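Participant: Predicted model and sequence follow; I will ask about them next.
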Amino acid sequence: MSTVAEPPSGTLVGNATLLQAITKAVDNCFSMCNMQAQCVSVSSVPVRDPGRITGMIGVHGKASGFVTVNMSDQIAMAAVGGLLDERFDQLTPQVVDGAGEITNIIAGGMKNCLAGTQWAFSHVTVPSVIIGQNYQIAYARGLEYVAATFEHNDENSLMLEDRLLQVAISLIRL
């Protein structure tokens, strides 16, 4: 059973190969974290990151660029808690480290999905984690960019932004 529902047909924006890699990687990661989510939006232009925690990882190969995984504190605590089979009620160093590992799992899943395509990459860097909001990433011209936003089905989170995870990939073919 899939834990990530894809957007309805006819709503795809951007590169379908990259979008499919994102959704499969998030599905795999969320399965490992015992979570479920639905893809609620897709963008081919950079959008505001809704969460306070962002994992970033560089990727290199036939195509180079980076993957970002942005999430709320609640998503980070739930995902890391599911991965480690623990419960977290606040942001801790372990949750921040775990957010980097979630980023690594998603980037690794995308690497597997994109192998053999024009967007293949063979190397990933060590993930970095940014805690905070209102930052901007400057993107070089010529990058292929796709971002997918997923809503976690956590009924205990009242605010929409507490249930969102956004994964973006920006690549340029070499």
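Facilitator: Received, thanks.

Participant: Only C-alpha atoms from now on, for both contacts and neighbour counts.
Facilitator: OK.

Participant: Look up the closest residue to Val146, ignoring the ones flanking it.
Facilitator: The shortest distance from Val146 to any non-neighbouring residue, by C-alpha to C-alpha, 6 or more residues apart in numbering, is to Ser44 (4.7 Å).

Participant: Next, the one you found: phi, psi?
Facilitator: Here is the backbone geometry of Ser44 (degrees, to the nearest 10): phi -110, psi 10.

Participant: Isn't it up against Leu143?
Facilitator: No: with contact defined as C-alpha atoms under 8 Å, Ser44 does not reach Leu143; the gap is 10.3 Å.

Participant: Counting neighbours, go ahead and name the busier of those two.
Facilitator: Ser44 (18 against 15; other C-alpha atoms under 10 Å).

Participant: which residues of the protein fall in helices?
Facilitator: For the chain, the helices defined by DSSP state H occupy 16-32, 73-84, 93-114.

Participant: ok, and what's touching the first one?
Facilitator: With C-alpha atoms under 8 Å, 6 or more residues apart in numbering as the test, helix 16-32 has contacts from 2-4, 6, 36-37, 39, 79, 82-83, 102, 105-110, 113-114, 119, 146-148, 167-169.

Participant: and those, which are buried?
Facilitator: Neighbour-count burial (16 or more other C-alpha atoms under 10 Å) applied to the contacts of helix 16-32 gives 3-4, 6, 36-37, 39, 79, 82-83, 102, 105-110, 113-114, 119, 146-148, 167-169.

Participant: Which parts of this protein are strands?
Facilitator: With DSSP state E, the ranges of strands along the chain come out as 4-5, 37-43, 53-61, 63-71, 121-124, 128-131, 144-152, 164-173.

Participant: Rebuild those strands as JSON lines, extending it with distance to Gly98 and mean pLDDT.
Facilitator: As requested, those are arranged in JSON lines below (distance: least, C-alpha to C-alpha, whole Å; pLDDT from 0 to 100):
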{"stretch": "strand 4-5", "distance to Gly98": "20", "mean pLDDT": "50"}
{"stretch": "strand 37-43", "distance to Gly98": "19", "mean pLDDT": "92"}
{"stretch": "strand 53-61", "distance to Gly98": "10", "mean pLDDT": "97"}
{"stretch": "strand 63-71", "distance to Gly98": "12", "mean pLDDT": "96"}
{"stretch": "strand 121-124", "distance to Gly98": "17", "mean pLDDT": "96"}
{"stretch": "strand 128-131", "distance to Gly98": "10", "mean pLDDT": "96"}
{"stretch": "strand 144-152", "distance to Gly98": "18", "mean pLDDT": "94"}
{"stretch": "strand 164-173", "distance to Gly98": "15", "mean pLDDT": "94"}
